[in-house]
Structure formats: structure tokens, C-alpha cells
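Engineer: Mind folding the following:
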Amino acid sequence: MSGVALTLDEVRALARRVLRAAGLAEDHADAVAETMVAGERDGCASHGIYRLLVAANTIAKGKVVRDAVPLLSEPARALARVDGKGGFAQLAFAVGKPALVAKARACGIAALALNNIVHFAALWPEDGRHILQPPQEIRGIAAQPGMAMPAILEAGGYEEIEARAASAYEHWVGSEGLSFRGRDDAERLGDVVKFHWEAVAEDGTVAAVGLVFLVLAARGRITRDYTFVVA
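Structural biologist: Predicted coordinates:
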């Protein structure tokens, strides 16, 4: 079986050209084309240029609003919602993604709801791209977590955890004179608990803020404890 080799730029151009010829608005065509490019880039051909036929057929049958303008709303502190107005999901996701990122940074966890959209391909390329190759801003934050701490500290088992707790207490409480208090913002979702703590100096100023995620096992026992210094 013979085939035609295309670069990713050629895949993008082909997808845009066919979608625009089918009557899809330019911003929608750009967003949908990027999903196809991502599928080809990541070796997932089932979500690559193959989906161009599906999209063109959906447009031709009038099952999608070709020039829909997605509307973003923020119904809750950690929730964003986009009304896709009957258009493809890709542009609605692009409209909501900045709010989703901002809310996740502010709250530690956030959700984005896409309503009234037409789905024809998974949204995994957008998520995977940021996980595999995070923006420089996020890499910079990860490299400088604050309080002169290494980027990653791990401890497993009773002895390691006890030694880590003892050394942390000796340094931050014994040497630095800090005290720690929890913020009244604990939230639980299933077996995950999230809350913030504050490190307070002797004069009452807040020296640092931490974000903690606890993963609970049976009977509420803690099986994982993830702590991030966020300020």
C-alpha cells in the first residue's frame, strides 16, 4: 500500500485548506487543524489527518455551526465553562484554556466544562503537549520553588519520613524560628485532600506558603503526601 509523506507544516496547510473550503470559519479551521497536526506528531494516526474526512463530512451535513463564537463564563472560583454555541470543541477549548490554567494556579486544582460543542477528536494533544513540554514560565517556577529547597524531595517508608520530618523541624523551626499554621481552606474530593499552610516568622510575617495534596487510603490513612512551596 503506497502513501504520501507530508511534513507537519504540510499537514497543517492541507487541513486548513480543506476545512476553509468546506466553509469552516478561519479560527475554527486553525484550531481543528492543530489537533490533527498533534495527532500526526505524536504518532496517533487515528486522531491525525485521517480525521479531516470526519470533520469535512460533519460540516457538509450541517451538524456543526461553522462560525460559532464560544462564550466563556466563570461560575465558580475553580471552574470555567465555555458555551461552544454548536461549534467544534477545539476552539471552545482554546478559549477556555487560559482561564483553566489561571484557576489551577490559584486554587491548586480546576475544571473546564465544554457545553454545546461538536466532538470529533480527543482533546488529549492539548493536555499532553503541556505535560511533555511545559512552557518556559512553568519550567522556571519548577526550578525555583522557593525557600532554597531543591526542586524535588522524596521520602518513602517510616524511617525516611521520620528522618525528613526531623531534619525539616530542626532547620525551619529550630534554626529559623518559624511556626506553621494551616489555612482554613481544606477541600476533599474523593480520596484526595487539598489545603494550604503558612510558615510564620517570629514577628508574625508570613515567610512562605505551601500547598499540600494528600491521597487517602482505607479508613482515612494517608498514603501519599505531596507538598509544594508556592510563595
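Engineer: Provide a list of residue ranges in the protein with pLDDT below threshold.
Structural biologist: Within the chain, the stretches with pLDDT under 70 are 1-2, 120-158, 164.
Engineer: For the protein, which segments count as helices?
Structural biologist: 8-21, 26-41, 51-60, 89-107, 124-132, 136-143, 158-168 (DSSP state H).
Engineer: tell me the most buried of those?
Structural biologist: helix 26-41 (a mean of 21; mean count of other CB atoms under 10 Å). All C-beta spots, glycine's among them, are computed from the backbone N, C-alpha and C.
Engineer: Apart from its neighbours in sequence, what residue is nearest residue 214?
Structural biologist: Leaving aside its chain neighbours, residue 214 sits nearest to residue 193 (4.3 Å; criterion: CB to CB, 6 or more residues apart in numbering).
Engineer: For the one you found, which residues are in contact?
Structural biologist: Residues in contact with residue 193 (CB atoms under 8 Å, 6 or more residues apart in numbering) are 186-187, 212-214, 216.
Engineer: circling back: nearest to residue 228, out of the helices of the chain?
Structural biologist: helix 136-143 (9.6 Å; CB to CB).
Engineer: What distance do you get for the residue nearest to residue 214 to residue 110?
Structural biologist: Per CB to CB, to the nearest Å, residue 193 is found 16 Å from residue 110.
Engineer: mind giving me the domain split of the protein?
Structural biologist: 8-133, 149-229 (automatic domain parsing).
Engineer: Please pick the buried ones from the contacts of residue 193.
Structural biologist: Neighbour-count burial (16 or more other CB atoms under 10 Å) applied to those gives 212, 214.
Engineer: from the contacts of residue 193, which ones fall inside strands?
Structural biologist: Among these, DSSP state E puts 187, 212-214, 216 in strands.
Engineer: which of these lies closest to residue 53?
Structural biologist: Once CB to CB is applied, the member of those that ends up nearest residue 53 is residue 213, at 42.5 Å.
Engineer: Report the beta-bridge partners for that closest one.
Structural biologist: residue 194, residue 226 (DSSP bridges).
Engineer: now residue 112
Structural biologist: Beta-bridge partners, per DSSP bridges, of residue 112: residue 80.
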